[in-house]
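Peer 1: Using only what follows, build the 3D model:
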Amino acid sequence: MILEIIQYTLPVLIVSVIFFLVVNAFLKSEDTRRKISLSLEQDRLIIPLRLQAYERLILFLERITPDALLLRVDYSQMNCRTLQGELLRIIRSELEHNYTQQLYISSEAWQRVKLARDKIIQLINMATEGTTAGMPAQALAHNIMTRMMNEEKNPCTEAIEFLKKEARTLF
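Peer 2: Purely as a prediction, here's the structure:
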């Protein structure tokens, strides 16, 4: 009698265990496939946004270099303090348009962008110290360009190189 019960239940038990193992392996492979598919879909959507963030921040850095700033402003009728205020306003405005880009880049890259901005602001402010409020803006423009040429490294160029290097890791 016991032998008969074992004779019927053992094959059912073996088939059940094998069925469980096969179904479990299938479910794991489906889960892995689904995760990979989801990851690829996310990459397809996110990578263009990340690249756009790098592009926009590189453009921001190019636009706040002293030579680019001075070319964009008609300072022929300004004095030094007015030009200083206008340059700082432009830098602030440019960054405000790019704050959300930090979502798509590393924290270190964002810190480097902000550091470059801060160094350009510092350069403008230091160049202004060598002038008086009533002096023509050309004197400040000259001081800014002289200081920039005397800088060992261009802070914007350094930040741009870092952004390019980081963007290349997306490929």
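
Peer 1: packing partners for the helix ranked longest in the chain?
Peer 2: Ranked by residue count under DSSP state H, the longest helix found in the chain is helix 2-63. When contacts are defined as 3 or more C-beta pairs under 8 Å, 6 or more residues apart in numbering; DSSP states H and E, helix 2-63 sits against helix 66-72, helix 80-96, helix 107-129, helix 155-168. For the C-beta atoms, the positions are set from N, CA and C on the backbone; glycine is no exception.

Peer 1: mind redoing it with 6 Å?
Peer 2: helix 155-168 (3 or more C-beta pairs under 6 Å, 6 or more residues apart in numbering; DSSP states H and E).

Peer 1: helices or strands up against the helix it packs on?
Peer 2: Partner elements for helix 155-168 (3+ C-beta pairs under 6 Å, 6+ apart): helix 2-63, helix 107-129.

Peer 1: Would you check how far apart Met78 and Leu87 are?
Peer 2: 10 Å (C-beta to C-beta, to the nearest Å).

Peer 1: Would you quantify the distance from the most centrally placed residue in the chain to Leu71?
Peer 2: When C-alpha atoms, centre = their mean is applied to the chain, the residue found nearest the centroid is Ile105 (2.9 Å). Distance of Ile105 to Leu71, given as C-beta to C-beta: 27 Å.

Peer 1: what do you get for Asp31?
Peer 2: Counting by C-beta to C-beta, the gap from Asp31 to Leu71 is 57 Å.

Peer 1: Now Gly130: phi and psi?
Peer 2: phi -80, psi 10 (degrees, to the nearest 10).

Peer 1: Figure out which of the helices and strands packed on helix 155-168 is closest to Pro136.
Peer 2: helix 107-129 (13.2 Å; C-beta to C-beta).

Peer 1: Thanks a lot, see you next time.
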